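> structure here, sequence nowhere to be found:
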C-alpha cells in the first residue's frame, strides 16, 4: 500500500499566499473546488514528462496537464529547444519576428478550411475577438452561445449576477441548451437578422456535470442554419484543439466553421492563442483594432511551431486517444471490481468522470482525493486531460492507485 | 553621411504575412501609422541591449522598447538567467510555483501603499479586472475615464463606432477631459451614488498629440473626490509603471490610489501583468472570478522578480530620466541648429516629440522616418520609450543621426 502524501509545505505557503494575493490562488487554479482540500497539493516545484513534483517532494502523474496546455509532456525537448533558440535571438521586440509568418502559414496548412491566423495570449482574447469580428462582418449584435458553455472570464462570457459583471456586459448574449438545434432555430426566428454569431465548444464540457458529445447531425444542422441566416459560426476549440484532431475538432465532427479559437495545447504551455478564419472574414478581422503588449513575442510562436511539428510527427491525437481509452477502460474495470459504476464522458483524451449513484459527488470527490494523495492528480469537478507523454508505466501505476483508493473509500455495499 | 537603410526582406515577408494574417501585422505593431512605411523595418531577427536588427541586417537604436516592455535591455543577462533557471524546473504546470508568492511579496514590498497583487498576461486583463473589482466593491456600474485615454482593446475600452464594438460595451463608461477635476465633480453630481471607479494613466499619453503631465494638485483633487464619494481610484500604470518610480507612478505624483495596473516593464518582455490593490479591496477582488490559461506560469514570474531586483540595483528610473533628459536636450538643440522647434512632452523616459509649426505632422513624420532609416528607431505618432540599457554611445550616435536627418529634410527656411 502507498503511504498517502502530506502537504505541509503547500499548506504553509498557501497561508503566506493568502496574505498577499486575493484568494491565495485564484481562478481555475483555486483550491476551492478541490474537495477536501487536504488531499491536494497547492504548489509545484518541478515537472518532467507527464509528472510534476509539489513543494513537499510528492510526485504526481498529472491528469490536468496544466488544465490543458501540456500536450507533449512537461519540458518537452524539441519544444524547449526551439523556444530557447528563439530566445537567444529575441522575444518581445519592437517588430514581430519572421516566426510569426511561419507559424501562421503552418497553422493554415494544418487546420482544415482556415485561411488565416491572428495571435494573442489568452483563450479569452481570441473568443472576444471572434465576437467582434462576427459583429463587424454582419453589422449585427447578438451572439448565441450554449448554457453552461465556457469561453473565458471576460464579463460578456460570464453570467449577469457573477461578481463584477453588469447586465449590459452580456446584453447581446443569447444562451440555449447544448445539442438543441431547434432552440437555435427558434432564436433565429425570435431575432430575425440580428444574430451575428453562434459560438460553442466542439462538444459540451461543463464543470460538475457529465460532458456531452454532439448528437448525430447536430453540427451539420447548426452549420446549415448559420449559412441560411448569414450567422458567423465560431468554434471555441481552446480546450479540445489538437487533442481530438490536429486539423481542428471541426474535422473530427465533420463540419466547417467560419472562425476557430485555439489556445492551451497550441504551444505546449508557452503562452499563445490564435484565432483562425476563412477568407470571407479576413477583411472584417483586419478592421477590428485588437492588440496586446506581448502578442508579437517570438518565443511562444517558435514553441508553437515546434509543438505542431511534434504533434504531427508522433500523431499525438492518436496517442492520446489510445491512452485515454485504456485509462477509461482500466478505471471502469477497477471501479467495477469494487462494486462501483464509473461513468466516463467526453472524448477519451479529455475524460470527465463520475461515480454514478452519487448525486452529491461526495463519494467521487473522496475517491479523486485519495487517488491524488497517492500520486494520480485527479480533480472531481473538471474534465481531465491526457497528454502524448503519458506512458504505459503511468497507466499501470494509475490503475494501481485507483484500486487502492477504492479500497480506502470502501467497496460499494449496495452492489456487492 | 550614413547610407540610408533599405528593407527588401521586410517588404517581401510583409507580403507573405498579408496572405495569412489579417493586416499582415496588426494592432499597435501595424505599419499603418509608420508614415511613410518605406522608411521602416517590419520584422526583427535579433536584439541585444538597446538595439535590434531587422531581417535585412539593419541595426537600430530602439526608442520604442517593444512599445514599453523592454526596460533593462534586450536579452538582459540577470533576467534571462532567472527565467531559464525556472524554465528548467517548470513553467506552465497544474499548480502555481512558489515564485508566485515570492513575486507578490516583492511587489507589495516595492510598490507603495499596495497590499496585494494578482497576476495575468495582458495589460487589458488587469484594467478589466480593476473595473470588475470596483463594481463589485461598490455595487455601482459607472466608470469615469479620460477622453483619449488608452486602457487596452477590450470593447469597453474602445469607443462605440470602432469596428466590432457595440453601444452596450461601453454603456457605463463616462469620458471626461484630462486634467479637469471640475468635470469629474460634475459627473459625480450628475450620477449620484452611481460611479464605481475612476481610471486614468498617471499622466496623459495619447497618440498623435502632445502628452500632458498632471496639473499642480490634479491628482490630489481627484483622490479627495474619490474618497468623498466612495469611488475606487484606479491607476493604469501599464505604460509608465517602473519608468517614473519603482514604487509606482502614484509616488512620483504624490497621491494614493486604491488599485494599480502594471504590465510592460514589469518583466522586461516576459509576459505578465499585475493588478495591485489595498487591503480594503482584497475581499472584493477575491470574489470576482477571473482567470486565464497561462496566468500561473512560473517563468514570467521569475523574470519579473529578477527585473524588479535589477531595476532597484541600478536605479533604473533615475538612469532612464537622466538619459531621457540628455536625449531631449540634445534633440531640441539639434533641431534648433536646423531652424526647427522640437516640442518634447511627457516624462523624459517616455517622450512624445513633435516639430512645431507642422500641424499636418508630415514634416515630423519625414524626420522620424529619415532617422529610422539611419538607425534610430523613431515613431512619429506614439510616445517613445528609453531603457536603462541605452548608453552614451547610443546617445551620441542618435544625435548624429538626428542631425543628418534634419539635413535631409532641409533646414527650416522660415527660421533661418
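Here it is on my side, so go on. In this text the structure is predicted, and so the values were computed from the model without any measurement.

> what packs against the single longest helix found in chain A?
Counting by DSSP state H, the longest helix found in chain A is helix A:316-337. The contact analysis (3 or more CB pairs under 8 Å, 6 or more residues apart in numbering or on different chains; DSSP states H and E) places helix A:316-337 against strand A:342-345, helix A:392-409. Where C-beta positions appear, they are placed from N, C-alpha and C, glycine not excepted.

> tell me the secondary structure for residue A:46?
strand (DSSP: H, G, I helix; E, B strand; the rest coil).

> hmm, I typed the wrong one, I wanted residue A:144.
strand.

> helices of the stretch 1-150 of chain A, residue ranges please.
A:8-20, A:77-89, A:99-110, A:123-138 (DSSP state H, counting those that start in this stretch).

> winner for burial among those helices?
helix A:123-138 (a mean of 27; mean count of other CB atoms under 10 Å in any protein chain shown).

> among the helices of the stretch 1-150 of chain A, which is nearest residue B:299?
helix A:77-89 (9.9 Å; CB to CB).

> could you dump the helices and strands packed on helix A:316-337 into CSV with mean neighbour count added?
Output for those, formatted as CSV (neighbours: other CB atoms under 10 Å in any protein chain shown):
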stretch, mean neighbour count
strand A:342-345, 19
helix A:392-409, 18
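
> take the ones you listed and lay them out in JSON lines including distance to chain B and mean pLDDT.
Below are the helices and strands packed on helix A:316-337 laid out as JSON lines (distance: least, CB to the nearest CB, whole Å; pLDDT from 0 to 100):
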{"stretch": "strand A:342-345", "distance to chain B": "20", "mean pLDDT": "98"}
{"stretch": "helix A:392-409", "distance to chain B": "15", "mean pLDDT": "98"}
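
> spatially nearest residue to the most centrally placed residue in chain A, not counting backbone neighbours?
Nearest to the mean C-alpha position of chain A, by CA atoms, centre = their mean, lies residue A:239 at 2.4 Å. With CB to CB, 6 or more residues apart in numbering or on different chains as the criterion, residue A:239 has its nearest non-adjacent residue at 5.6 Å, and that residue is residue A:68.

> that neighbour and residue A:242 touch, don't they?
No - taking contacts as CB atoms under 8 Å, residue A:68 lies outside contact range of residue A:242: 10.0 Å.

> now the common contact residues for the two.
residue A:265 (CB atoms under 8 Å, 6 or more residues apart in numbering or on different chains).

> how close does the residue of the stretch 151-300 of chain A with the smallest separation from chain B sit to residue A:44?
Closest contact between the stretch 151-300 of chain A and chain B, by CB to the nearest CB, is at residue A:291 (2.4 Å). Residue A:291 sits 32 Å away from residue A:44, going by CB to CB, to the nearest Å.

> quick one, which of these two is more surrounded?
Set residue A:291 next to residue A:44 and count neighbours by other CB atoms under 10 Å in any protein chain shown: residue A:44 wins out with 27 against 18.

> show residues contacting stretch A:213-225.
Defining contact as CB under 8 Å, 6+ apart, one finds that stretch A:213-225 is touched by A:179, A:181, A:184-185, A:188, A:198, A:200, A:202-204, A:231, A:233, A:250, A:253-257, A:345-347.

> narrow the residues you listed to those in strands?
Assignment to strands by DSSP state E places the following of the contacts of stretch A:213-225 there: A:198, A:200, A:233, A:345.

> tell me the contacts of the first one?
Neighbour list for residue A:198: A:143, A:144, A:145, A:184, A:222, A:225, A:226, A:231, A:232, A:233, A:234 [criterion: CB under 8 Å, 6+ apart].

> let's see 7 Å
A:144, A:184, A:222, A:226, A:231, A:233, A:234 (CB atoms under 7 Å, 6 or more residues apart in numbering or on different chains).

> can you tell me which two in those are farthest apart?
The distance between the two most remote of these (CB to CB) is 13.2 Å, for A:184 and A:234.

> quick one: which of these two has more around it?
Higher neighbour count among residue A:184 and residue A:234: residue A:234, with 29 against 24, using other CB under 10 Å.

> hang on, isn't the more buried one packed against residue A:250?
No - Residue A:234 lies out of contact with residue A:250 (CB atoms under 7 Å); the separation is 10.8 Å.

> and for those two, which residues touch both?
What both residue A:234 and residue A:250 touch, as defined by CB under 7 Å, 6+ apart, is the set residue A:257.

> give me phi/psi at the residue nearest to the centre of chain A?
For residue A:239, the backbone dihedrals (degrees, to the nearest 10) come out as phi -90, psi -40.

> contacts only, for it.
A:68, A:201, A:205, A:264, A:350.

> what separates it from residue A:7, distance-wise?
Using CB to CB, one obtains 28 Å as the distance from residue A:239 to residue A:7.

> what do you get for residue A:403?
23 Å.

> you'd agree the residue of the stretch 151-300 of chain A closest to chain B is in a helix?
No - with three-state DSSP as the criterion, residue A:291 is located in coil rather than a helix.

> so it makes contact with residue B:153?
Yes - taking CB under 7 Å as the definition, residue A:291 is a contact partner of residue B:153 at 5.5 Å.

> residues near the nearest residue to residue A:346 once chain neighbours are set aside, how many?
Closest residue to residue A:346 apart from its sequence neighbours, by CB to CB, 6+ apart: residue A:211 at 3.3 Å. Neighbourhood size, residue A:211 [other CB under 10 Å]: 21.

> and residue A:211, what does it touch?
A:203, A:204, A:205, A:345, A:346, A:352, A:383.

> so the fourth one bridges to which residues?
On DSSP bridges, the residues paired with residue A:345 through beta bridges are residue A:352.

> contact partners for it?
A:210, A:211, A:212, A:352.

> and if we set it to 8 Å?
Taking CB under 8 Å, 6+ apart as the test, what residue A:345 contacts is A:210, A:211, A:212, A:213, A:351, A:352, A:353, A:354.

> can you say which of the residues you listed are buried?
A:211, A:212, A:213, A:351, A:352, A:353, A:354 (16 or more other CB atoms under 10 Å in any protein chain shown).

> turn those into CSV, including pLDDT.
Below are those laid out as CSV (pLDDT from 0 to 100):
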residue, pLDDT
A:211, 98
A:212, 98
A:213, 98
A:351, 98
A:352, 98
A:353, 97
A:354, 95
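
> picking up where we left off before, pull the most distant pair out of the ones in strands among the contacts of stretch A:213-225.
Spatially, the most separated pair among the ones in strands among the contacts of stretch A:213-225 is A:233 and A:345, at 24.5 Å (CB to CB).

> right, is the host helix or strand of residue A:368 up against chain B?
Residue A:368 is part of helix A:362-372, with elements assigned from DSSP states H and E. No - judged by CB under 8 Å from any CB of the partner chain, helix A:362-372 and chain B are separated, with a smallest distance of 10.6 Å.

> tell me which residues of that helix are tucked away?
Those would be A:363, A:364, A:365, A:366, A:367, A:368, A:369, A:370, A:371, A:372, for helix A:362-372 by 16+ other CB under 10 Å.

> run through who's touching that helix.
Counting by CB under 8 Å, 6+ apart, A:4-5, A:34-36, A:38-41, A:60, A:353-355, A:358, A:378-380, A:401-402, A:404-406, A:408-409 sit against helix A:362-372.

> got it, and stretch A:22-38?
For stretch A:22-38, using CB under 8 Å, 6+ apart, the contacting residues are A:7, A:14-15, A:17-18, A:40, A:42, A:67, A:153, A:207, A:365-366, A:369, A:379-382, B:95-96, B:100, B:116, B:118, B:277, B:282-283, B:285-286, B:289-292, B:295-296.

> now that stretch: how far from the chain's centre is it?
Distance, stretch centre to chain centre, for stretch A:22-38: 18 Å (CA atoms, centre = their mean, to the nearest Å).

> same deal with stretch A:51-66?
That offset, for stretch A:51-66, works out to 18 Å (CA atoms, centre = their mean).

> now stretch A:63-79
Worked out by CA atoms, centre = their mean, stretch A:63-79 lies 12 Å from the chain centre.

> how far does it stretch from start to finish?
With CA to CA, to the nearest Å applied, stretch A:63-79 spans 20 Å between its terminal residues.
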